[in-house]
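1. Model the following, please.
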Amino acid sequence: MKKFGISTPVHNTPPPDLNKYLENISSPEARAVGEALKAKIAESNARLSQALKQKPVDWEEYENTVSYPGLVSMLKERLSTLEVSKFSSPYQQELQAQFAEIIQEAEAVAKQAEDATKELKARLEDLEKNSSWEGLSVAEALERDPAIKREIEADIEKGNFWV
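-> Numbering: from 1, shown residues only. As a prediction, the model looks like this:
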């Protein structure tokens with residue numbers, strides 16, 4: 001239990017890094033929705049932060065303005081002994097475990113996608129490099145593709161000089 005007025009986090013789950021997700025979104029419409037969500041979250045966090053900045057109660061002011069005798073001193077005493085427990089749910093640990101699994105799975109899939117992207121980019125580079133025949137001599141082309149070289153040599157041995 002915590003004394004009233006002490007702010008404690010409701011959960012220990014770190015907030016998601018929306019920038020990390022937004023940089024992988026290619027659709028302008030989806031990116032706009034993500035940016036709007038990010039702005040709403042920032043606005044909510046700012047409002048929450050402002051609300052959590054509590055001013056101490058000015059008991060003297062209330063003593064002077066409240067006309068009911070003893071009410072302010074009674075409230076002051078009761079408030080000082082009031083204990084409020086931190087919110088907890090029987091499902092909180094289960095949910096955190098499930099979210100941890102989901103996050104771990106998503107990170108593994110992201111890693112696989114990153115590796116696949118690197119492999120595909122390397123294959124694309126190789127294809128682009130090998131698809132250009134411009135400026136290649138016949139010897140270089142035959143060296144690049146030994147199967148064509150064997151086919152041409154077989155045609156020469158058979159006497160097939162014309163296609």
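
2. quick one: Glu61 and Pro90, what's the gap?
-> Between Glu61 and Pro90 the distance is 42 Å, computed by Cβ to Cβ, to the nearest Å. No exception for glycine: its C-beta is placed from N, CA and C like everyone else's.

3. and those two? which has more neighbours close in?
-> The residue with more neighbours, out of Glu61 and Pro90, is Glu61; 10 against 6, by other Cβ atoms under 10 Å.

4. What separation do you get for the more buried one and Leu52?
-> Distance of Glu61 to Leu52, given as Cβ to Cβ: 22 Å.

5. Also Leu124?
-> Using Cβ to Cβ, Leu124 is found at 51 Å from Leu52.

6. Can you show me the CA trace of the one helix or strand Arg78 maps to as CSV?
-> For Arg78, the enclosing helix or strand under DSSP states H and E is helix 71-81. Listed in CSV are the C-alpha atoms of helix 71-81, where the atom choice follows Å, rounded to 0.1, in the frame of the first residue of the first chain:
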residue,chain,number,x,y,z
LEU,A,71,-14.3,19.8,9.1
VAL,A,72,-11.0,20.8,7.6
SER,A,73,-8.9,19.5,10.5
MET,A,74,-10.9,16.2,10.3
LEU,A,75,-10.3,15.9,6.6
LYS,A,76,-6.6,16.7,7.0
GLU,A,77,-6.2,14.0,9.7
ARG,A,78,-8.1,11.4,7.6
LEU,A,79,-6.2,12.2,4.4
SER,A,80,-2.9,11.9,6.2
THR,A,81,-3.8,8.3,7.3
